[in-house]
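> I need the structure of the sequence given here:
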Amino acid sequence: MNIVILAAGQGKRMKSALPKVLQTLAGKPLLQHVLNTALDLQGKSAKTGPIVVVGYGAADVKEFLQITSEQDSRYGKVTTVLQAEQKGTGHALLQALPKLDVNEPTLVLYGDVPLLSKKTLSKLVKLADGVHGQDSALALLTQNLNNPTGYGRIVRDIDGSIKEIVEEKDASPEQKRITEINTGIMVLPTNSLKKWLKSLRASNAQGEYYLTDVIAMAVNDGVPIRTTQADAEYETVGVNSRDQLAALERVHQLNQAHVLMDAGVSLADPARIDIRGTLECGTDVFIDVGCVFEGCVTLAAGTTVGPYCIIRNSVIGKNVTIHPYSHIDGAQVGANSLIGPYARLRPGADLSHDVHIGNFVEVKNSKIAANSKANHLAYVGDSIVGSRVNIGAGTITCNYDGVNKHQTIIEDDVFIGSDTQLVAPVRVGRGATLGAGTTLTKDAPPNQLTVSRAKQISLQWQRPVKKEKKVVAKKVATKKSVKAKK
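Residues are numbered from 1 along each chain as shown. The predicted model follows:
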């Protein structure tokens, strides 16, 4: 099957230098949502991928496709064709015509309709196939709207068969009262499409070549026209403004929230969660308000996520408690651990079970073994931390010399006093204690106390007193006034 995605429009109402199809919904460009559905529909066995018709911002769209193909090999099958001048949907599809296999039907999609489901498209494609001995048909996705303003209307004969599609600007008052609208999404017999596209004329209020005009041509040629509708209205909604984008974002997020709750997840407020990627949860997970999940995130059973946390590309173990305002990015957190509040786990943070990372503690590219804790105001970077280690408040690993990163190794059962600096590369032996305020530049031996401090002294001392400022300006002014009187 040929799949063509029309993505050449500017989207003037967005008031953006970015092409409309690259505006994001749930953290991904609109076009990526459409392409993912199209690629799923085609399946892995497809020899060629969808054809994307580009126009405004073509270079940006092509760059997006190139970058995405490096992350998802399926995008390597996607090809593009250029619509140099945007002269309507019929003209856009005409640009893709040389790349179409005439022996396969052509599915037309739109790069700004992101939530159309594979289920709906499968139903539409099946409808276009020859069924019960009938010939292949033109399959059209329509929708009944309470407010059809702005959409082309489906005009039917008395017997219910489709006669034509009339765009609103060309519709009569009677036709504008029709509530069944054209979504623009259709499956067409490609052999016939080739002839129809070349017969299009721009004789309408917009002066454009409408793809919808092929419906009347199909009627004249006796090609059966079959229609179906999506299960949900939001599937066929296109994005033309930032208001519409924001509204569709909330619809999408609420849909994802209901999927989570059906799977046994408790949400404090289903309207206040954002999933910008995939979120897999075990049973009895609780997520408080305002949390954002990006990339691929897994929360194991019994985990609690406090308000306003951001978690990206991370795996969280069972019965973990993540306190409010914590940021977790590219990390693994073991079972029964406590994180936050206001903690930050950066890429490469690998925490074993029963680890405590407290308020204003940052961990980066470090492994921390079981039952260790850093409860306050610490930085652990490029380190290997053993079990049952206590990292005191204000402790930092000085891992960067301005050019290279160096590793700190802290063995099991170490106690690190507050306000300690470990200047890497350095090792702290098993069972060692570092006194508060120590700056460690050499390895600390195991089972000993290591202290690095200046000698404490007390001196007789008088605190400076602030001197009063002389009011010079007033004296000058007084002298001038005396001279003036003389």
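
> and Asn336, what is it in contact with?
Gly317, Lys318, Asn319, Val320, His353, Asp354 (Cβ atoms under 8 Å, 6 or more residues apart in numbering). Using the backbone N, CA and C atoms, a C-beta is placed for each residue, glycine as well.

> quick one: the third one and Gly334 touch, right?
In other words, Asn319. No: using Cβ atoms under 8 Å, Asn319 is not in contact with Gly334, being 10.1 Å away.

> So which of those two has more stuff around it?
A count of neighbours by other Cβ atoms under 10 Å puts Gly334 above the other of Asn319 and Gly334, at 20 against 17.

> tell me which element the closest residue to the more buried one other than its chain neighbours falls in.
Setting aside the residues directly before and after it, Gly334 is nearest to His353 in space (Cβ to Cβ, 6 or more residues apart in numbering), at 3.8 Å. Assigned by DSSP states H and E, His353 belongs to neither a helix nor a strand.

> Next, work out how far apart His353 and Val219 are.
68 Å (Cβ to Cβ, to the nearest Å).

> quick check: longest helix of this structure.
Taking DSSP state H as the criterion, the chain has its longest helix at helix 242-262.

> For it, which helices and strands make contact with it?
strand 24-25, strand 266-267, strand 273-281 (3 or more Cβ pairs under 8 Å, 6 or more residues apart in numbering; DSSP states H and E).

> Mind doing that once more with 6 Å?
strand 273-281 (3 or more Cβ pairs under 6 Å, 6 or more residues apart in numbering; DSSP states H and E).

> buried residues in the strand it packs on?
Ile273, Asp274, Ile275, Arg276, Leu279, Cys281 (16 or more other Cβ atoms under 10 Å).

> Repeat that for stretch 114-126.
Pro114, Leu115, Leu116, Thr120, Leu121, Lys123, Leu124, Val125.

> what's the answer for stretch 52-60, then?
Val52, Val53, Val54, Gly55, Tyr56, Gly57, Ala58, Asp60.

> among these, which two are most distant?
Val53 and Asp60 (14.6 Å; Cβ to Cβ).

> what pLDDT does Gly306 get?
In the predicted model, Gly306 carries a pLDDT score of 98.

> three-state assignment of the residue nearest to it when sequence neighbours are not counted?
Once flanking residues are discounted, Gly306 sits nearest to Pro324: 3.9 Å by Cβ to Cβ, 6+ apart. Following DSSP: H, G, I helix; E, B strand; the rest coil, Pro324 is assigned to coil.

> how deep is Pro324 tucked in, by neighbour count?
Neighbours of Pro324 (other Cβ under 10 Å): 16.

> Tell me who's in contact with it.
Applying Cβ atoms under 6 Å, 6 or more residues apart in numbering, we find Pro324 in contact with Gly306, Pro307, Tyr308, Pro341.

> distance of the second one from Ala268?
Between Pro307 and Ala268 the distance is 8 Å, computed by Cβ to Cβ.

> Between these two, which contacts overlap?
Joint contacts of Pro307 and Ala268 (Cβ under 6 Å, 6+ apart) are Asp288, Val289.

> Flag every buried residue along the longest helix of the chain.
Here helix 242-262 shows Leu245, Leu248, Glu249, Val251, His252, Gln253, Gln256, Ala257, Leu260 as buried, counting by 16+ other Cβ under 10 Å.

> Pick out the most distant pair among the residues you listed.
Longest span within the buried residues of helix 242-262, Cβ to Cβ: Leu245 and Leu260, 22.8 Å.

> so how far is the first residue of stretch 199-214 from its last?
9 Å (Cα to Cα, to the nearest Å).

> could you pull out the strands for the stretch 201-350 of the chain?
225-229, 266-267, 273-281, 286-287, 291-299, 304-305, 310-312, 315-316, 321-322, 327-329, 332-333, 338-339, 344-345, 350-351 (DSSP state E, counting those that start in this stretch).

> Now render those strands as a markdown table, adding distance to Ala370.
Listed next are the strands of the stretch 201-350 of the chain as a markdown table, based on distance: least, Cβ to Cβ, whole Å:
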| stretch | distance to Ala370 |
| --- | --- |
| strand 225-229 | 56 |
| strand 266-267 | 28 |
| strand 273-281 | 24 |
| strand 286-287 | 24 |
| strand 291-299 | 20 |
| strand 304-305 | 20 |
| strand 310-312 | 22 |
| strand 315-316 | 16 |
| strand 321-322 | 16 |
| strand 327-329 | 19 |
| strand 332-333 | 12 |
| strand 338-339 | 13 |
| strand 344-345 | 16 |
| strand 350-351 | 9 |
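
> Quick one: closest of those to Lys15.
Among those, strand 273-281 sits nearest to Lys15 (Cβ to Cβ), with 23.1 Å.

> name the helices or strands packed onto that closest one?
Short answer (3+ Cβ pairs under 6 Å, 6+ apart): strand 273-281 packs on helix 242-262, strand 291-299.

> Let me see the residues that make contact with it.
26-27, 253, 256-257, 265, 267, 291-299.

> between these, which is nearest Gly43?
Closest to Gly43, out of all of the contacts of strand 273-281 and judged by Cβ to Cβ, is Cys296, at 22.3 Å.

> Just give me the neighbour total for the closest one.
Neighbours around Cys296, by other Cβ under 10 Å: 13.

> Not counting residues beside it along the chain, what's closest to Arg312?
Glu294 (4.1 Å).

> and that neighbour, how far is that from Ala26?
10 Å.

> Same question for Gln256.
Gln256 is 8 Å from Ala26, by Cβ to Cβ.

> ditto for Ile178
For Ile178, the distance to Ala26 - Cβ to Cβ - is 33 Å.

> How about Leu193?
33 Å.

> cool, and Arg201?
40 Å.

> ditto for Pro19
Taken as Cβ to Cβ, the span from Pro19 to Ala26 is 18 Å.

> Tell me which of those two has more neighbours.
Using other Cβ under 10 Å as the criterion, Pro19 and Ala26 rank with Pro19 on top: 27 against 19.

> Give me the spatial nearest neighbour of that one, chain neighbours excluded.
Gly57 (3.3 Å).

> And the pLDDT at that neighbour?
For Gly57, the predicted pLDDT is 95.

> Quick check: beta-bridge partners of it?
Counting by DSSP bridges, Gly57 is bridged to Gly55.

> if I read this right, it contacts Ala17, doesn't it?
No: the criterion here is Cβ atoms under 6 Å, and Gly57 misses it with Ala17 at 8.0 Å.

> Overlap of the contact sets of the two?
Counting by Cβ under 6 Å, 6+ apart, nothing touches both Gly57 and Ala17.

> tell me which strands and helices whichever strand or helix holds Val53 is in contact with?
Val53 belongs to strand 51-54 when assigned by DSSP H and E. Using 3+ Cβ pairs under 6 Å, 6+ apart as the contact test, the elements touching strand 51-54 are strand 2-7, strand 79-82, helix 89-96.

> Would you convert the ones you listed into TSV that also reports mean pLDDT and distance to Ile287?
Converted to TSV, the helices and strands packed on strand 51-54 look like this (pLDDT from 0 to 100; distance: least, Cβ to Cβ, whole Å):
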stretch	mean pLDDT	distance to Ile287
strand 2-7	97	34
strand 79-82	96	39
helix 89-96	95	42
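
> Show me the one of those that comes nearest Leu31.
strand 2-7 (5.6 Å).
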